[in-house]
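J.: Take this sequence and fold it.
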Amino acid sequence: MTGPRLLSPRWLAAGGAVLLSAVLGVALLLQNSGSACAAPPSTSAKKGKATFYDLAASMGNCSFPNSPADDLFVALGPNEYSNGAACGSYLDVSGPKGKVRVKVTDQCPECGPGHIDLSRTAFKKIGAEIDGIIPISYKTVTNPGTPGPISVRVKEGSSKFWLAVLIDNHANQLASVTVNGKSTHREDFNYWIIDAGAGGGPFKIKITDVYGRSTTVSGIRLSPGTTQKTTARLTGSGSSGSAVKAPGAESTSAKKKATPKPSLSSAAPAASSAAPLLESTEAAPAATEAPAEAPVDLAAGAAGCD
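T.: Just a heads-up that it's a prediction; the model follows:
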């Protein structure tokens, strides 16, 4: 399948008017509260099948302005895409020829449970292109390395009266995002939105993942259509299963604050300013090999939700 994907409606199974009303009520409550405390996804391996497609120059449903520089990405079916919750997370996929790590950047409306749609590049790493469909196993990666620190993109059309931000390079699924202390709600195209806006900026954005890790980035400007790079990380370099204080960002842990041990291999240079750096929308070069993920206490759940 080529070109951008079009979303198709998802229908609730019939379960009685009372049940339907309750479900809709809960959904509205969660949306209006700004940040549902999502549970961590299962990290157990699943068996299924993989196909492949070309995204061309278009963005996937996750709205990332560019595909990963290594062209290793995946589209998930509606259940696993989970209204955008899976965007920016990573899967390890094993096939007949080996294993590949891919970033979730898109939704595959026609994919049922166990069916994932890989980029052509990723598919060819684990199977023969001529086969078209291959048997696979896959699982969510916890605390994967990322090709760079967290970035924030303010959506086109944002103003002091309406704000939408896209968070990238967070690696784990996110539970909540707040802007200047205001809650946001996430749309299925992966932007976190404050319908009444958050003023003219600059913004202080707190990002919390489903394992309770959080980091706060400051100095984000109201600059629609621009990707602003920070020095903060939730996972990867310098991370050891709890929040890491990155230059230019304030970090907290869901359990207790801890001072990360110095590491010659992961020490980041001190930033001269807390303000983010503006960059073009072109993706940063991806790491040739993702750092090994650090262990996480899955029992922590979404303790960091606000």
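
J.: can you give me the strands for the stretch 151-300 of the chain?
T.: For the stretch 151-300 of the chain, applying DSSP state E, counting those that start in this stretch gives strands covering 151-154, 163-168, 174-179, 182-183, 185-186, 192-194, 203-209, 214-220, 227-229, 249-252, 277-279.

J.: now the ones you listed as JSON lines including mean neighbour count and mean pLDDT?
T.: Any C-beta I mention is one placed from the backbone N, CA and C, and that applies to glycine too. What follows is the strands of the stretch 151-300 of the chain, written out as JSON lines (neighbours: other Cβ atoms under 10 Å; pLDDT from 0 to 100):
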{"stretch": "strand 151-154", "mean neighbour count": "24", "mean pLDDT": "98"}
{"stretch": "strand 163-168", "mean neighbour count": "23", "mean pLDDT": "98"}
{"stretch": "strand 174-179", "mean neighbour count": "25", "mean pLDDT": "98"}
{"stretch": "strand 182-183", "mean neighbour count": "15", "mean pLDDT": "98"}
{"stretch": "strand 185-186", "mean neighbour count": "21", "mean pLDDT": "98"}
{"stretch": "strand 192-194", "mean neighbour count": "23", "mean pLDDT": "98"}
{"stretch": "strand 203-209", "mean neighbour count": "24", "mean pLDDT": "98"}
{"stretch": "strand 214-220", "mean neighbour count": "21", "mean pLDDT": "96"}
{"stretch": "strand 227-229", "mean neighbour count": "21", "mean pLDDT": "96"}
{"stretch": "strand 249-252", "mean neighbour count": "20", "mean pLDDT": "44"}
{"stretch": "strand 277-279", "mean neighbour count": "13", "mean pLDDT": "45"}
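
J.: Switch these over to CSV; also include distance to residue 44.
T.: Shown next, in CSV, are those (distance: least, Cβ to Cβ, whole Å):
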stretch, distance to residue 44
strand 151-154, 30
strand 163-168, 26
strand 174-179, 20
strand 182-183, 31
strand 185-186, 25
strand 192-194, 28
strand 203-209, 19
strand 214-220, 26
strand 227-229, 34
strand 249-252, 29
strand 277-279, 37
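
J.: Which secondary structure elements does the helix or strand hosting residue 121 sit against?
T.: Here residue 121 sits within helix 120-126, counting by DSSP states H and E. When contacts are defined as 3 or more Cβ pairs under 8 Å, 6 or more residues apart in numbering; DSSP states H and E, helix 120-126 packs onto strand 46-53, strand 90-95, strand 98-107, strand 134-140.

J.: Those: which one's closest to residue 77?
T.: For the helices and strands packed on helix 120-126, distance to residue 77 was read as Cβ to Cβ. The smallest value, 7.7 Å, belongs to strand 98-107.

J.: For the closest one, buried residues please.
T.: By 16 or more other Cβ atoms under 10 Å, the buried positions in strand 98-107 come out as 100-107.

J.: what's the closest of those residues to residue 211?
T.: Of the buried residues of strand 98-107, the one sitting nearest to residue 211 (Cβ to Cβ) turns out to be residue 104, at 16.7 Å.

J.: neighbours of the nearest residue to the closest one once chain neighbours are set aside, just the number please.
T.: Once flanking residues are discounted, residue 104 sits nearest to residue 86: 4.7 Å by Cβ to Cβ, 6 or more residues apart in numbering. By other Cβ atoms under 10 Å, 23 other residues sit near residue 86.

J.: before we move on, what SS does residue 86 have?
T.: Here residue 86 is recorded as coil under DSSP: H, G, I helix; E, B strand; the rest coil.

J.: List the contacts of it.
T.: Shown in contact with residue 86 (Cβ atoms under 8 Å, 6 or more residues apart in numbering): 41, 76, 80, 104, 173.

J.: Max pairwise distance over the residues you listed: which two?
T.: Top of the distance list for these (Cβ to Cβ): 76 and 173, 11.9 Å.
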